[in-house]
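A predicted structure for the sequence below; I have some questions about it.
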Amino acid sequence: MTSYVVRPITEAERRPARALLSLTLHGTAASDEVWELVGRSWRADRKFGAFDGDAIVGITSSMGTHMLVPGGGRIPTAMVDGVGVRADHTRRGLFTRLMRVQLEDCAARGDVAAALHASETVIYGRAGYGAATRRVSVRVRAGRGTVRPDLPASGRMRLLDAEEAVSLVPGLYRSIAPHRPGMIDRPDHWWPADHDRLVGRDGHLVAVHSSASGTDDGYVVYKTEDARTDAEPERGATVRVRDLHAASPVVAAELWRYLLGMDLVAEVIAPALPLDDEVELMLADPRRCAVTGRQDDLWLRLVDVPAALAARAYGAGPPVLVDVVDPLLAANSGRYRISREGAERVPDSAGTAGLRLGVDVLAMLYLGDRAPSTLAELGRIEVGDPAAPAAADALFGTTRPPWCGTFF
Ligand SMILES: CC(=O)SCCNC(=O)CCNC(=O)[C@H](O)C(C)(C)COP(=O)(O)OP(=O)(O)OC[C@H]1O[C@@H](n2cnc3c(N)ncnc32)[C@H](O)[C@@H]1OP(=O)(O)O
């Protein structure tokens with residue numbers, strides 16, 4: 001029986017740990033050229049490995065940042081950016097051990113939440129994560145005049161070279177986002193692997209919109225794939241949007257006008273837009289836009305439930321007593337009073353709980369994505385007071401659905 005050691009990785013183990021992650025995700029280890037950028041994002045800090053002797057066979061990794069919550073507050077958040085166990089060591093409890101060590105480390109650092117994009121939906125619920133934001137994928141048939149001609153055209157678009165794309169976009173992202181719950185600050189070391197590498201080595205392009213007064217107010221990172229063949233020379237290219245942020249819907253429309261109006265382009269695919277995205281409202285013929293998918297996006301784990309509940313704002317609704325159950329981080333389990341004025345922990349003897357729910361389910365309603373009443377009807381929340389689900393809907397509901405808008 002193998003006895004594994006779970007511990008922080010050392011500086012020298014960074015590259016093998018990254019190669020392991022790639023292996024578990026069926027990718028290939030970074031070449032020296034790619035590692036030059038990826039390595040800058042892959043710090044030893046906040047990484048835990050599971051070791052079989054000297055060999056690293058499991059990894060979990062995160063970066064520290066802040067996430068916007070309803071009401072405009074920001075909570076310290078761990079962006080969990082890499083989890084994997086080597087195929088010949090799975091189903092022996094290594095993931096379970098790695099999650100526990102990572103969450104304890106997050107709690108010790110003062111992270112109020114941890115967040116990730118899951119490769120599969122069945123994995124993270126057992127560690128207390130819940131799907132907290134969703135995204136839609138759209139495909140728009142391209143062509144000039146696709147964007148409504150009456151939409152006011154303003155400012156201009158310009159294409160950046162790779163060097164400008166590396167130096168300009170981080171500041172532009174900071175000036176435009178985050179503006180809705182679920183969005184995060186992008187740490188400095190997020191950029192080398194997830195932006196610089198794409199624009200420098202992977203053929204992604206960046207187009208920036210500036211207003212009539214010359215202020216940059218939107219950008220899109222995209223890649224084109226030429227689909228023309230000898231048999232189908234008229235077939236246009238596909239444009240894949242990687243990252244699009246705009247200071248207003250009018251600026252977003254200008255970015256779409258640019259993408260859809262490029263020569264030799266047949267379609268534009270954007271795989272990670274907010275649930276309430278307005279692309280079809282920008283089009284002369286809304287049916288040129290097909291929603292091709294809708295799925296979970298950010299999975300959230302409330303590490304410090306009292307701090308998380310206190311950090312967000314609540315809508316107008318009668319107060320509700322909520323019992324939270326957290327088998328992994330037991331300090332979170334207990335009774336909370338949520339009201340328009342805020343949230344506070346109360347003794348278990350204080351009244352009767354209106355709702356009782358797991359910490360994973362709390363994550364699903366924390367940013368406003370899911371209505372407590374729906375989760376109660378589907379048996380995910382126990383109801384102690386029949387008036388509580390509607391009251392919780394009013395308290396937790398937000399005007400716009402949450403969205404992350406950053407892949408990590
Ligand atoms: C943020 C990100 O990085 S997302 C990327 C996540 N990584 C991957 O998808 C890479 C491929 N998969 C893997 O590396 C591994 O299978 C992991 C990390 C998902 C799971 O690692 P393991 O060490 O096998 O998990 P562990 O043995 O702790 O399993 C715990 C429980 O989860 C279950 N489980 C684990 N993975 C899966 C899965 N993919 N599907 C269904 N159940 C699973 C196990 O059966 C076990 O259940 P039990 O407690 O009822 O017995």
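Cool, the structure landed. Keep in mind that this is a model prediction, so the values were computed, not measured. Numbers count the residues shown, from 1 in each chain.

I figured residue 270 hits residue 135, correct?
No - Residue 270 is not in contact with residue 135 according to CB atoms under 8 Å; the separation is 9.6 Å. In this view, the C-beta of every residue, glycine as well, is placed from N, C-alpha and C.

neighbour-wise, which of these two wins?
Neighbour tally, residue 270 and residue 135, criterion other CB atoms under 10 Å: the higher count belongs to residue 270, 25 against 22.

now that one: closest residue in space, sequence neighbours ignored.
Leaving aside its sequence neighbours, residue 270 sits nearest to residue 241 (CB to CB, 6 or more residues apart in numbering; 4.0 Å).

quick one, grab the pLDDT at the one you found.
pLDDT for residue 241: 98.

how close does it sit to the ligand?
22 Å (CB to the nearest ligand atom, to the nearest Å).

in which helix or strand would I find that residue?
In the assignment (DSSP states H and E), residue 241 maps to strand 237-246.

tell me what the next helix or strand after that strand is packed against?
Once the chain leaves strand 237-246, the next helix or strand it forms, by DSSP H and E, is helix 249-261. Based on contacts counted as 3 or more CB pairs under 8 Å, 6 or more residues apart in numbering; DSSP states H and E, the elements that helix 249-261 packs against are strand 156-159, strand 205-210, strand 216-225, strand 237-246, strand 265-273, helix 279-282.

near the ligand, which residues of this protein are found?
24-25, 80, 82-85, 90-96, 116-120, 122-123, 126 (CB under 6 Å from any ligand atom).

which members of these occur in strands, if any?
Under the assignment DSSP state E, those contribute 80, 82, 83, 84, 85, 116, 117 to strands.

would you point out the most distant pair within these?
85 and 117 (17.7 Å; CB to CB).

returning to what we had before: and of the helices and strands packed on helix 249-261, who's closest to residue 140?
Using CB to CB, the helices and strands packed on helix 249-261 put strand 265-273 closest to residue 140, at 4.9 Å.

so which elements touch the closest one?
If you count contacts as 3+ CB pairs under 8 Å, 6+ apart, strand 265-273 packs onto strand 134-141, strand 237-246, helix 249-261.

just these: most buried one?
For the helices and strands packed on strand 265-273, the largest average neighbour count (mean count of other CB atoms under 10 Å) is found in helix 249-261, namely a mean of 21.

circling back: output the ones in strands among the residues of the chain next to the ligand as a markdown table; include the columns neighbour count.
Output for those, formatted as a markdown table (neighbours: other CB atoms under 10 Å):
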| residue | neighbour count |
| --- | --- |
| 80 | 26 |
| 82 | 20 |
| 83 | 24 |
| 84 | 22 |
| 85 | 21 |
| 116 | 22 |
| 117 | 18 |
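
got a list of what the nearest residue to residue 155 once chain neighbours are set aside touches?
Leaving out its chain neighbours, the residue that sits closest to residue 155 by CB to CB, 6+ apart is residue 211, at 4.6 Å. By CB atoms under 8 Å, 6 or more residues apart in numbering, the residues touching residue 211 are 154, 155, 217, 251.
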